[in-house]
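Undergrad: Next one to model:
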Amino acid sequence: SSKSNVTIRNCNITNYFHGIFLIYGSYNTVKGNIVTNNTYGITLDRVFNSLVINNIASKNAGGYFVEDYSSGNYLLNNTAKANNYAFYVFQGSNNVFANNSLVNNGEQGIFLFMSHYNLLTNNIAKNNSGNGIALGYSTYNNITGNIIDKTPTGVSMTKGLNNVITNNKITNANDAIALTFSLYNIIANNIASNNTGHGIFLAGNSAELITDNIIANNVADNNQVIGIALGYSANNLIVNNSANNNHDYGINIIESHHNILANNVANKNQNGLFLYSHASYNTLINNIANNNKFYGIYIYFESPNNILIGNKANNNSYGIYLLGSNSNHLEGNVITNNSYGIYFQASISNNLTSNQFCPSSVYTDFNGFDLAKNSGRKNICDKPGEWNDVDTAGCTYKCVYLIGLPGDVNGDCTVNVLDLAGVGKTFGS
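TA: Numbering: from 1, shown residues only. This is a model prediction of the structure:
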């Protein structure tokens with residue numbers, strides 16, 4: 001204890017309570033040791049600026065412990081296999097965990113509890129019975145570039161604040177990334193695909209919302225439930241994500257308000273974008289929800305006052321479906337080639353402005369039982385059904401209005417990248 005500048009090297013330590021135990025020291029080195037069948041493998045307790053490198057900890061109750069305000073330590077290129085806990089960090093700060101291998105452990109790969117400003121990078125966590133990386137009551141940690149496979153949750157966080165989760169690859173988990181009751185975190189540039197549950201999942205409850213997080217530039221494809229899901233959330237930004245080929249929903253927002261969803265792609269799911277159960281005052285801008293089996297965008301059950309601008313919902317059974325949801329504003333959306341364009345059921349006082357239904361839906365562009373209880377202006381369609389824009393029979397404009405649209409080289413009534421190559425036939429030919 002209280003020793004500094006000590007090196008412990010190339011030892012084989014087995015069947016002790018502590019394999020290697022450093023306390024109150026600094027500038028120590030623990031290198032190339034093998035610690036097996038101990039209660040605690042390697043422990044740093046109030047240790048500072050020390051190096052733990054190239055060690056193997058196996059079949060211990062705990063592989064590596066960093067605790068009681070230990071700070072400035074580097075744990076590099078270590079192996080933790082077949083322990084209960086691989087790495088347990090309690091009240092540790094400003095430590096670096098890099099290039100470690102965490103395999104076949106009984107609990108979490110790396111568990112940070114009440115720990116702050118740590119860097120976890122380029123670690124591999126596979127086949128652990130607990131979560132790959134778990135944070136509880138921890139702030140300002142950076143989790144980047146890790147590979148996590150075959151674990152209940154890839155990265156889990158409870159009561160976290162201002163953490164950054166970036167550039168991780170998480171596969172074959174239940175949920176790839178799951179945050180509960182956590183604020184001001186950034187989840188960006190991760191691959192959260194091919195999991196048995198959700199790609200990215202944020203949840204609070206009615207008494208405590210999960211708020212002010214950023215979910216950006218992630219790939220959440222081919223998950224067995226939902227690509228990106230938020231429940232009991234507010235003021236989160238979900239932008240530039242891919243949520244394709246998920247079994248149920250691309251992006252699902254439940255009991256949530258004042259979130260912004262922008263420039264996301266949710267294609268080839270059962271349902272693309274789903275706002276459900278008191279999801280209100282959310283803004284959806286420039287999202288793409290195409291080729292989904294049922295609904296492109298679904299606003300369901302008392303979900304009022306949402307704003308949908310510039311979204312594309314094409315080649316779905318229903319482009320946009322509103323059920324039991326009032327007073328939403330839809331403007332400038334492109335809703336084409338669906339079986340049904342937009343459908344209202346028990347939904348009133350919604351406003352539709354300048355939405356485009358060209359090419360038309362298979363059946364009608366406007367459908368449902370409440371068409372007369374909603375209103376619109378400047379919409380463009382050829383199959384209005386019983387819909388009438390204000391002071392107009394049917395839509396204000398027919399699809400022929402779009403022929404000759406500036407920049408629409410291929411005549412598909414939109415201006416997009418396909419026009420650069422002149423792909424497609426002239427509309428109406």
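
Undergrad: Quick check, pLDDT for residue 400.
TA: On the pLDDT scale, residue 400 is placed at 81.

Undergrad: In what element of secondary structure is residue 261 found?
TA: strand 260-262 (DSSP states H and E).

Undergrad: Please identify the pairing partners of that strand and their relative orientation?
TA: Strands that pair with strand 260-262, judged by DSSP bridges, come out as strand 237-239 (parallel), strand 283-285 (parallel).

Undergrad: Could you export those as JSON lines, including mean pLDDT and mean neighbour count?
TA: Every residue, glycine included, has its C-beta placed from N, CA and C. Shown next, in JSON lines, are the strands paired with strand 260-262 (pLDDT from 0 to 100; neighbours: other C-beta atoms under 10 Å):
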{"stretch": "strand 237-239", "mean pLDDT": "98", "mean neighbour count": "21"}
{"stretch": "strand 283-285", "mean pLDDT": "98", "mean neighbour count": "19"}
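
Undergrad: which one of those lies closest to residue 189?
TA: strand 237-239 (12.0 Å; C-beta to C-beta).

Undergrad: Report the next helix or strand after that closest one in sequence order.
TA: strand 249-254.

Undergrad: Show me what that following strand is packed against.
TA: Applying 3 or more C-beta pairs under 8 Å, 6 or more residues apart in numbering; DSSP states H and E, one finds that strand 249-254 contacts strand 226-231, strand 271-276.

Undergrad: Give me the residue ranges of this structure where confidence is low.
TA: 1, 401-429 (pLDDT under 70).

Undergrad: rerun that using 80 as the cut-off
TA: Residue ranges of the chain with pLDDT under 80: 1-2, 401-429.

Undergrad: So what pairs up with the residue nearest the centre of it in the strands?
TA: Of all residues in the chain, the one closest to the mean position by C-alpha atoms, centre = their mean is residue 200, 3.2 Å from it. Under DSSP bridges, the beta-bridge partners of residue 200 are residue 177, residue 228.

Undergrad: In contact with it, which residues?
TA: 175-178, 187, 190, 192, 215, 218, 220, 227-229, 241 (C-beta atoms under 8 Å, 6 or more residues apart in numbering).

Undergrad: and residue 111, which of the helices and strands packed on strand 249-254 is closest to it?
TA: The nearest among the helices and strands packed on strand 249-254, by C-beta to C-beta, is strand 226-231 at 23.8 Å.

Undergrad: Which positions in that closest one come out as buried?
TA: Buried residues in strand 226-231, counting neighbours by 16 or more other C-beta atoms under 10 Å, are found at 226, 227, 228, 229, 230, 231.

Undergrad: Also stretch 145-165?
TA: Neighbour-count burial for stretch 145-165 [16+ other C-beta under 10 Å]: 145-157, 159-165.

Undergrad: That stretch: end-to-end distance?
TA: 9 Å (C-alpha to C-alpha, to the nearest Å).

Undergrad: so how far is residue 34 from residue 244?
TA: 45 Å (C-beta to C-beta, to the nearest Å).

Undergrad: repeat for residue 48
TA: 25 Å.

Undergrad: what do you get for residue 282?
TA: Between residue 282 and residue 34 the computed distance is 54 Å (C-beta to C-beta).

Undergrad: So the two - more neighbours on which side?
TA: Legend: neighbour count by other C-beta atoms under 10 Å for residue 282 and residue 34, higher for residue 282 (26 against 16).

Undergrad: could you list every residue that touches residue 230?
TA: Counting by C-beta under 8 Å, 6+ apart, residue 230 has contacts 201, 202, 203, 210, 236, 238, 252, 253, 254, 256, 259.

Undergrad: 7 Å instead, please
TA: By C-beta atoms under 7 Å, 6 or more residues apart in numbering, residue 230 lies in contact with 202, 236, 253, 256, 259.

Undergrad: picking up where we left off before, got the strands paired with strand 260-262 as TSV, with distance to residue 131 columns?
TA: Putting the strands paired with strand 260-262 into TSV (distance: least, C-beta to C-beta, whole Å) gives the following:
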stretch	distance to residue 131
strand 237-239	23
strand 283-285	31
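
Undergrad: Relative to residue 312, which of these is closest?
TA: strand 283-285 (11.1 Å).

Undergrad: Check what contacts that closest one and list those residues.
TA: 260, 261, 262, 273, 306, 307, 308, 309, 310, 311.

Undergrad: most neighbours, which of these?
TA: residue 273 leads the contacts of strand 283-285 on contacts (other C-beta under 10 Å) with 31 neighbours.

Undergrad: Now do the contacts for residue 278.
TA: 255, 302, 303.

Undergrad: now do 6 Å
TA: The contact partners of residue 278, taken as C-beta atoms under 6 Å, 6 or more residues apart in numbering, are 255, 302.

Undergrad: Residue 214 now?
TA: Counting by C-beta under 6 Å, 6+ apart, residue 214 has contacts 186, 237.

Undergrad: now it: how far from residue 244?
TA: Residue 214 is 21 Å from residue 244, by C-beta to C-beta.

Undergrad: Report the beta-bridge partner residues of residue 156.
TA: residue 134, residue 178.

Undergrad: Is it possible to get CSV of the contacts of residue 200 that adds distance to residue 105?
TA: Below are the contacts of residue 200 laid out as CSV (distance: C-beta to C-beta, whole Å):
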residue, distance to residue 105
175, 19
176, 19
177, 20
178, 19
187, 24
190, 22
192, 22
215, 28
218, 26
220, 26
227, 28
228, 28
229, 28
241, 31
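
Undergrad: what's the closest of the residues you listed to residue 340?
TA: residue 227 (23.7 Å).

Undergrad: what sits against the closest one?
TA: 199, 220, 243, 246, 250.

Undergrad: what about the last one, how many residues close to it?
TA: One way to gauge burial is a neighbour count; for residue 250, by other C-beta under 10 Å, it gives 35.

Undergrad: contacting residues for residue 71?
TA: 48, 93, 94.

Undergrad: Take the residues you listed and write them to a markdown table, including distance to residue 330 and neighbour count.
TA: A markdown table is the format used below for the contacts of residue 71 (distance: C-beta to C-beta, whole Å; neighbours: other C-beta atoms under 10 Å):
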| residue | distance to residue 330 | neighbour count |
| --- | --- | --- |
| 48 | 58 | 18 |
| 93 | 48 | 21 |
| 94 | 49 | 16 |
